[in-house]
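**Q** what follows is a predicted structure for the sequence shown.
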Amino acid sequence: MLFTCASLFPVGRSKQPVGGQLNTAYRSRRLAATLLAAALAGGGLTVAAAPAAYAAASDAVAKLPISSFSALAVDSVRERVYVADSNTGSQYTSGLVAVYTFGGERVGTISTTNHVSGLAVSSDGTQLHVGERYQVTTYDTATLTRTAVRSANTDQCGRDLAFSGGQLYFTTSYTDYPGQCATARTNLDAFINGTHTRTGWNDTGRLQLEAGPGNRMAMGQPLNASAPDPFLTVFDTSGDSPVREAARRFSDGEGKGALDFKDVAFSADGARVAVADAAHGTRLLNTGDLSDAATGYPALPSGASASAVAFSGDGKYIARGAAATGSTPDLLVQPADPGDSTAPLEFVFEGSLDGDRVVPRGMEWSADGSRLFAVTANAAGNQFWLHVVQPPAVQYDARFTGGLTHSPAQAVAGEPLAVRGKLEQDGPAPAEPLKVKATRTDANGTHDLGTATVKGDGTFTVLDEPDLVGEATYRVSFLGDLTHRPAEDVTTTVSVGKAPTAIALTAPEEASMSTGVEITGTFTAQGKALPDRAVLKVQRTDSLGTGTLSSVTVAADGTFTINDIPRVRRDVTYTVSWPGDDLHEASTASATVYVRR
């Protein structure tokens, strides 16, 4: 496909590639939110179907020279990003590590004799450790030259690496055939003080490692045929051997709720662990005992399956990667505090210039939180891209001014109502319009009215059609985004009345007792359509008094006819009325006919 994503959150789609041998594209990106348009008597209202955040951010994309993916590592000291090509299909295949700057420019390539899997950067950023089939190789990050080769047990499936507690930990799996890797026995090994050590910890499947602050390391077990209830555990790596601390399996007594592990990340302070669970979204856990955090993150968009998770080093953000199709977001960047309701930045990756999904374990942040690096893949899983995302570094204030107004002045049940207001925001003009969220609260509860677009002058219009007579309170909120802080809500209470009805009669000036009287009429009702055709009451008043005639039912087009044989001469008055209902006012009309013999 051609470029199908636009500004970080634009409604339209356009991408402008930057030429050159680096194959890097720069463009803004769109927010994946479906928009609905509605017109209100020339009011020009646009309402979005779901809350959305708009913010400016840059995104560089580099096409990776790999056909498979195994690991992503970031060196924040020298500002380098390393991406490994697993290529574990055969013992004879060579490996490759592509090296990029923080701007997405490729500056080097490391080639290995056998397949390459895990990557780990030393805490001081001077060394890159690369897992290979028979060994772990160390490279100088300044020159990309090999400085050490340490033999390890043969690994057929691709080993994972983590540098924790000053030691290098790695996994080792071996099978006779690569097709058995999903259920192979995997060992946790380490170079403790330079000596190859088998720690004794092992289980089935491709065990994944993640280093965290405070000399902690997490290990996650992918779901596999030999592990229907996979585990997550945390190790203390401060000593010469890893000590297991908290551990948890997630299925209940009926075998439901098992973890489908894709990725794990520690919060910047180490107090929380986030897990990308393909079956249950983003789990947020307390590191101490791996219990569920009191407040978790909202569910991923419908249709998105969690694939990756990463906290920024400055503690501000969490990135949640997913596999999704169509316009469903594949990446959300939002505040790390789960209690912060600021709407996330949402990215949609689609096709040959973006990839289609974030790969498992395919995200890392720079240490200062200024950049997020995300690897995406196409649907077939044989092409890959590196995205460099820069969230805004500054947040500005926003506020509602002037309160809310509405038109028409008298709100009517079942009729369009426009609620208008103004949102002011500090800082530079946003790349895409801001959005406000609206609700209506009446006797039947609170109703979500979606979001409305804020125009360039700060004004916005929310369209509604109240369906209940009585007081309705409208609340408009600005939830903020990564560029703007939330604003204090603004409200207004509207008195919603019954919709008017009208009866119009057409009667002759004169009639005779012999030929009778025929009166035609029209009944109209505004607001919500009547559940049934209106039945009108007809009364006749003459010199003998007032009496009720047969009722008439209004036709589908609103017309009706009254026929009568008058009983006396002179003036006869016919009165037609409708009593009204819960949503409509009553109405009446009269006509006087002079009757001759």
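**A** Here it is on my side, so go on.

**Q** what's in contact with the strand or helix carrying residue 571?
**A** Using DSSP states H and E, residue 571 sits in strand 570-578. Outside strand 570-578, the residues that touch it by C-beta atoms under 8 Å, 6 or more residues apart in numbering are 501, 503, 505, 507, 517, 519, 521, 523, 534-543, 552, 562, 564, 566, 586-595. No exception for glycine: its C-beta is placed from N, CA and C like everyone else's.

**Q** adjacent strands (with direction) for that strand?
**A** Using DSSP bridges, strand 570-578 pairs in its sheet with strand 535-542 (antiparallel), strand 587-596 (antiparallel).

**Q** closest to residue 411 out of these?
**A** strand 587-596 (19.5 Å; C-beta to C-beta).

**Q** how about residue 457, phi and psi?
**A** phi -90, psi 10 (degrees, to the nearest 10).

**Q** residue contacts, residue 563?
**A** 516-518.

**Q** ok, 10 Å please
**A** 516-519, 549-550, 552 (C-beta atoms under 10 Å, 6 or more residues apart in numbering).

**Q** quickly find the element holding it.
**A** Judged by DSSP H and E, residue 563 forms part of strand 559-564.

**Q** residue 166: how many residues sit nearby?
**A** Number of residues near residue 166 (other C-beta atoms under 10 Å) recorded here: 12.

**Q** name the nearest residue to it, sequence neighbours excluded.
**A** residue 123 (7.5 Å; C-beta to C-beta, 6 or more residues apart in numbering).

**Q** pLDDT below threshold where in this protein?
**A** Residue ranges of the chain with pLDDT under 70: 1-58, 88-91, 393-394, 482.

**Q** if we use 80, what do you get?
**A** 1-59, 87-93, 178, 351, 392-395, 431, 481-483 (pLDDT under 80).

**Q** center of it - which residue?
**A** residue 301 (4.5 Å; C-alpha atoms, centre = their mean).

**Q** state the distance from that residue to residue 309.
**A** 15 Å (C-beta to C-beta, to the nearest Å).

**Q** can you check residue 525 too?
**A** Separation of residue 525 from residue 309 (C-beta to C-beta): 56 Å.

**Q** got it, and residue 536?
**A** Taking C-beta to C-beta, one finds residue 536 at 66 Å from residue 309.

**Q** between these two, point out the one with more neighbours.
**A** residue 309 (27 against 21).

**Q** that one is in what secondary structure piece?
**A** Using DSSP H and E, residue 309 maps to strand 305-311.

**Q** starting from that strand, tell me which strands it pairs with and how they run.
**A** Strands that pair with strand 305-311, judged by DSSP bridges, come out as strand 317-323 (antiparallel).

**Q** beyond the partner strand, next helix or strand please.
**A** strand 331-335.

**Q** which elements pack onto the helix or strand just after that following strand?
**A** Downstream of strand 331-335, the next assigned helix or strand under DSSP H and E is strand 345-347. Counting contacts by 3 or more C-beta pairs under 10 Å, 6 or more residues apart in numbering; DSSP states H and E, strand 345-347 is packed against strand 317-323, strand 331-335, strand 372-377, strand 384-390.

**Q** adding distance to residue 224 and mean neighbour count, write those out as JSON lines.
**A** Shown next, in JSON lines, are the helices and strands packed on strand 345-347 (distance: least, C-beta to C-beta, whole Å; neighbours: other C-beta atoms under 10 Å):
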{"stretch": "strand 317-323", "distance to residue 224": "18", "mean neighbour count": "27"}
{"stretch": "strand 331-335", "distance to residue 224": "27", "mean neighbour count": "24"}
{"stretch": "strand 372-377", "distance to residue 224": "21", "mean neighbour count": "26"}
{"stretch": "strand 384-390", "distance to residue 224": "24", "mean neighbour count": "22"}
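
**Q** can you put the ones you listed in a markdown table and add distance to residue 170?
**A** Converted to a markdown table, those look like this (distance: least, C-beta to C-beta, whole Å):
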| stretch | distance to residue 170 |
| --- | --- |
| strand 317-323 | 24 |
| strand 331-335 | 29 |
| strand 372-377 | 21 |
| strand 384-390 | 23 |
